[in-house]
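Enquirer: prediction below, plus the sequence it came from.
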Amino acid sequence: MTERQDRVRSRVAQLTEEGAIPGATWALVEGRGEERRVHVESLGRYVDDSIFRIASLTKVVVGVLTAALVDDGVLSLDDPVDRWVPELAGRQVLRAPGAALDDVVPPSRPLTVADVLEMGAGLGWGPVLEGTPLQRAQVDQQLESTWQPSPLDPDEWVRRLGSVPMAHQPGEGWLYQMSYDLLTVVLERATGAPLDEVLTRRVLEPLGMTETGWSVGASLLERVPAQYFPNRAGERVEVSPVADPSLLERPAFRSSATGLLSTATDLARFMELLLDDGAGPNGPVLPPAALQHLTQDRLSDTARPMAVADLGPALGWGHGAAVDLEPQFPGSHAGRFGWHGGTGTSLWVDPTAGIGAVILTQHGMGGTTGADYVESFFSAVHAL
């Protein structure tokens with residue numbers, strides 16, 4: 001066991017003993033080439049091959065898929081979204097985010113695929129929308145995804161979206177989450193195939209990620225632990241049982257924002273791709289230049305003030321992942337990228353250090369507990 005592996009194991013044991021988490025499964029990827037070491041381990045109630053709901057880590061995975069499809073020439077970052085989603089042609093823009101739904105102005109330009117990847121499609125979550133008519137409309141129309149996708153199918157979802165104005169001009173704001181639901185519709189229309197099939201063919205199979213998807217097979221179901229979220233008192237409340245039978249069913253909406261299930265071993269393979277500039281075990285999956293779209297801060301000057309409310313001042317946003325604008329831990333570097341999943345997961349890769357790490361729990365984030373355990377885990381990963 002390397003010094004880092006031992007240090008991380010001690011930290012997870014401490015977090016488990018203190019009750020911060022009920023245990024965890026994690027993976028560490030260290031070094032490059034012949035020096036590469038991959039380590040998967042579990043403590044507490046999980047085993048190394050537990051299958052976790054990874055929630056918003058879905059964004060990072062589908063971000064890589066989108067970069068690959070752009071490199072393939074299937075679509076362009078500059079494509080107007082209404083090329084693929086004509087239901088949104090002429091969609092109006094609120095005069096101000098809190099305005100009445102009929103207080104609108106025309107869009108200043110077409111919404112693009114890049115805007116969608118940059119959370120700039122004018123729908124989603126954010127302090128600027130709390131209690132507004134647009135937020136209520138998003139809920140009433142079942143447009144919102146959480147740790148679970150919308151119950152609507154993509155065609156019905158986008159039909160309803162077409163009746164709701166944008167919160168801001170295309171690309172001039174940042175609202176979390178639902179831009180990546182729209183990304184599903186764009187990718188499925190551009191490829192002419194369901195997102196799960198495209199992701200499997202283009203990314204998962206080349207990497208050997210055989211246990212990642214929006215549903216699980218019957219033989220794997222027992223490996224999925226229960227899901228918990230904290231209530232206002234910080235108590236863990238079960239919201240989905242062990243081996244939840246609903247996970248056997250392929251969801252109507254394969255959201256690019258949320259919903260994937262995966263294992264630490266599969267995500268270690270994914271981190272190897274990110275550390276190896278897009279190379280998989282059997283050759284390139286996408287070129288380094290394509291991967292840079294995911295790993296570089298893309299926030300515009302007009303979007304950044306809205307993004308700070310969710311990302312804070314030290315993070316930017318690429319095409320599917322947050323990006324450290326400055327080192328977050330002693331031993332980490334600016335340019336480290338990744339994201340968190342609200343179900344209790346977090347994956348980050350530091351290309352400069354040659355380190356990737358993911359922690360998987362089913363102790364969801366929220367309530368009064370925050371995600372201190374995630375910060376504690378990654379401080380151990382990057383400690384000097």
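Expert: Arrived safely. Everything numeric here is computed off the predicted structure, so don't read it as measured data. Numbers count the residues shown, from 1 in each chain.
Enquirer: for the stretch 101-250 of the chain, just list every one of the helices.
Expert: Shown for the stretch 101-250 of the chain, the helices assigned by DSSP state H, counting those that start in this stretch span residues 113-117, 133-140, 154-161, 179-191, 195-199, 205-207.
Enquirer: meant to ask about the stretch 251-384 of the chain
Expert: Using DSSP H, counting those that start in this stretch, helices in the stretch 251-384 of the chain cover 264-275, 288-295, 304-311, 372-382.
Enquirer: looking at those helices, which is nearest to residue 56?
Expert: Residue 56 lies closest, by CB to CB, to one member of those: helix 304-311, at 11.4 Å. Every C-beta, even on glycine, is put in place using the N, C-alpha and C of the backbone.
Enquirer: quick revisit: pick the most buried one from the helices of the stretch 251-384 of the chain.
Expert: helix 264-275 (a mean of 23; mean count of other CB atoms under 10 Å).
Enquirer: how far is that helix from where the chain is centred?
Expert: 15 Å (CA atoms, centre = their mean, to the nearest Å).
Enquirer: mean confidence score for it?
Expert: Helix 264-275 carries an average pLDDT of 98.
Enquirer: would you format the helices of the stretch 101-250 of the chain as CSV with mean neighbour count, mean pLDDT and distance to residue 59 included?
Expert: Shown next, in CSV, are these (neighbours: other CB atoms under 10 Å; pLDDT from 0 to 100; distance: least, CB to CB, whole Å):
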stretch, mean neighbour count, mean pLDDT, distance to residue 59
helix 113-117, 25, 98, 9
helix 133-140, 17, 97, 18
helix 154-161, 20, 97, 17
helix 179-191, 24, 98, 5
helix 195-199, 20, 98, 13
helix 205-207, 17, 98, 17
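Enquirer: what would those look like in a markdown table with distance to residue 289?
Expert: Shown next, in a markdown table, are the helices of the stretch 101-250 of the chain (distance: least, CB to CB, whole Å):
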| stretch | distance to residue 289 |
| --- | --- |
| helix 113-117 | 15 |
| helix 133-140 | 36 |
| helix 154-161 | 30 |
| helix 179-191 | 20 |
| helix 195-199 | 21 |
| helix 205-207 | 18 |
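Enquirer: out of those helices, the one nearest residue 286 is which?
Expert: helix 205-207 (9.7 Å).
Enquirer: contact partners of the closest one?
Expert: Residues from elsewhere that reach helix 205-207 (CB atoms under 8 Å, 6 or more residues apart in numbering): 266, 269, 270, 272, 273, 280, 281, 282, 283, 285.
Enquirer: of all these, which two lie farthest apart?
Expert: 266 and 283 (18.8 Å).
Enquirer: hmm, back to that, tell me which of the helices of the stretch 251-384 of the chain lies nearest to residue 331.
Expert: Closest among the helices of the stretch 251-384 of the chain, using CB to CB: helix 372-382, at 4.0 Å.
Enquirer: counting neighbours, which bits of stretch 208-220 end up buried?
Expert: For stretch 208-220, the neighbour count (16 or more other CB atoms under 10 Å) marks 209, 211, 212, 213, 214, 215, 216, 220 as buried.
Enquirer: and for it, what's in contact with it?
Expert: So stretch 208-220 is contacted by 49, 51, 61, 149, 196, 200, 203-204, 223-224, 247-251, 254, 259-263, 265-267, 269-270, 281 (CB under 8 Å, 6+ apart).
Enquirer: could you list the domains of the chain?
Expert: Per the record, the chain has its domains at 3-61+193-382, 72-191, by automatic domain parsing.
Enquirer: quick check: closest non-adjacent residue to residue 94.
Expert: residue 165 (5.1 Å; CB to CB, 6 or more residues apart in numbering).
Enquirer: out of the helices of the stretch 101-250 of the chain, nearest to residue 298?
Expert: helix 113-117 (7.5 Å).
Enquirer: how many residues are close by residue 358?
Expert: 31 (other CB atoms under 10 Å).
Enquirer: who does the spatially closest residue to it that is not a sequence neighbour bridge with?
Expert: Excluding the flanking residues, the one nearest residue 358 by CB to CB, 6+ apart is residue 347, at 4.0 Å. Taking DSSP bridges, one obtains residue 339, residue 358 as the residues bridged to residue 347.
Enquirer: how much space separates residue 347 from residue 249?
Expert: 26 Å (CB to CB, to the nearest Å).
Enquirer: thanks a lot, catch you later.
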